[in-house]
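Chemist: No sequence on hand, only this structure:
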């Protein structure tokens with residue numbers, strides 16, 4: 001415990017870890033989430049009740065029918081008189097999302113089976129993705145209002161346009177795991193699976209990546225401060241020193257992960273609330289326990305890799321860089337393959353190489369947990385256990401003898417001797 005306490009004090013006193021790993025995620029993501037709502041409210045709302053200025057220069061029955069069609073598609077038409085006023089200024093001052101000008105002779109042209117032109121002005125508050133999506137959504141709803149006008153005109157002629165548009169009703173159901181479920185249930189299942197396949201792998205990847213970097217930093221701090229030699233002179237077993245560094249790094253990694261996930265969950269809650277999405281995550285208690293087991297072995301494996309990077313490097317920066325070089329290809333490649341559909345589409349030689357990577361089995365174990373395929377879970381966990389034993393054994397071997405003090409790997413170029 002004194003060694004673990006020492007590790008925690010040293011790691012949390014390191015600014016790169018305290019600020020970059022623990023504090024920054026807790027600040028950045030909520031800050032982005034808080035900044036979204038005021039911006040979106042300022043830029044206008046494309047939801048039901050969005051205000052639309054209507055300049056009716058016709059006054060006929062079809063102009064009134066078109067205004068009613070706008071109301072049916074979710075807009076809030078606000079009639080205005082446009083004389084010497086600037087329409088753009090009126091849109092800006094009223095806070096409306098759009099404006100339409102119904103020209104004089106609108107009703108007459110429709111009675112004569114001609115197509116009148118209605119001028120549409122959409123307010124674009126900024127050149128952002130959210131604003132362009134809002135503009136596209138509003139344009140679709142204006143076209144829906146035009147379609148309603150067409151149905152109303154066709155009904156006056158005795159033509160059932162709505163029937164010809166959809167002469168057949170389709171009652172859709174989905175077959176899933178030998179069960180028939182409704183399209184609504186399938187949509188909810190898709191949302192849950194989307195949340196699981198996106199959030200869980202990314203969260204676990206962040207956990208293991210952070211833990212490996214912190215473990216490397218722990219060794220690098222000892223080497224840079226020249227305290228490792230003093231620590232090795234104490235009557236303490238090197239396996240105890242290794243275990244304390246692994247445990248201390250794990251605690252800090254979990255703190256950073258909790259901070260990161262708190263920020264991400266807050267960000268997604270703001271994002272889904274704005275976008276109208278309802279993403280839920282449902283895991284049974286057994287699957288949750290299995291997920292924790294998988295995370296534990298992935299965590300220990302990454303900690304071992306971090307310790308190896310710290311032993312091979314000479315200082316803190318070198319340890320962090322080397323840990324990143326070791327971890328990134330081993331973690332990022334399986335994650336990308338998992339998110340893009342798995343390794344089933346790969347050719348056999350490449351798939352075999354990918355299966356050698358321990359973190360591939362982390363992703364496959366996650367997929368097996370989500371699918372409740374317990375035999376596959378045992379298989380992938382077994383492979384991860386084997387890799388954990390190998391890497392921790394290698395880390396313990398590196399802690400023996402003088403190699404802990406003498407081994408160096410320099411990532412930078414040597415300066416030329418003048």
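Modeler: Here it is on my side, so go on. Source: prediction; values computed, not measured.
Chemist: Just name the shakiest helix or strand of this structure by mean pLDDT.
Modeler: The helix or strand of the chain with the lowest confidence, counting by mean pLDDT, DSSP states H and E, is helix 24-43 at a mean of 57.
Chemist: and the next element down the chain from that one?
Modeler: Downstream of helix 24-43, the first helix or strand assigned by DSSP states H and E is strand 50-56.
Chemist: for the record, mean pLDDT for that next one?
Modeler: The pLDDT scores in strand 50-56 average 87.
Chemist: neighbouring strands for that strand, and are they parallel or not?
Modeler: strand 75-80 (parallel), strand 98-102 (parallel) (DSSP bridges).
Chemist: right, and residue 299 touches residue 209 too?
Modeler: No - using Cβ atoms under 8 Å, residue 299 makes no contact with residue 209, being 10.5 Å away. Yep, even glycine has a C-beta here, placed from its N, CA and C like the rest.
Chemist: which residues sit in contact with residue 70?
Modeler: The neighbourhood of residue 70, defined by Cβ atoms under 8 Å, 6 or more residues apart in numbering, consists of 52, 54, 77, 100, 142, 145.
Chemist: got a list of what residue 72 touches?
Modeler: 145, 148.
Chemist: Give me the pLDDT for it.
Modeler: pLDDT recorded at residue 72 is 90.
Chemist: Next one: it from residue 319, what distance?
Modeler: Remark: distance between residue 72 and residue 319 (Cβ to Cβ, to the nearest Å) = 64 Å.
Chemist: and what of residue 387?
Modeler: 21 Å.
Chemist: between these two, which one's more packed in?
Modeler: residue 319 (29 against 21; other Cβ atoms under 10 Å).
Chemist: That one against residue 308, yeah?
Modeler: No - assessed by Cβ under 8 Å, residue 319 is found out of contact with residue 308, at 10.1 Å.
Chemist: who touches both of these two?
Modeler: Joint contacts of residue 319 and residue 308 (Cβ under 8 Å, 6+ apart) do not exist.
Chemist: residues making contact with the helix or strand containing residue 375?
Modeler: Secondary structure from DSSP H and E places residue 375 in helix 374-398. Applying Cβ under 8 Å, 6+ apart, the contact partners of helix 374-398 are 238-239, 242, 290, 293-294, 297-298, 300-301, 304-305, 307-308, 311, 358, 361-362, 364-365, 368-369, 404, 407.
Chemist: Show me which residues of that helix are buried.
Modeler: 376, 377, 380, 381, 383, 384, 387, 388, 391, 392, 395, 398 (16 or more other Cβ atoms under 10 Å).
Chemist: Residue 161: which of the residues you listed is nearest?
Modeler: Proximity of these to residue 161 (Cβ to Cβ) peaks at residue 376, which lies at 53.1 Å.
Chemist: Please report how far the closest one lies from residue 350.
Modeler: Counting by Cβ to Cβ - residue 376 and residue 350 are separated by 21 Å.
Chemist: repeat for residue 364
Modeler: Residue 364 is 15 Å from residue 350, by Cβ to Cβ.
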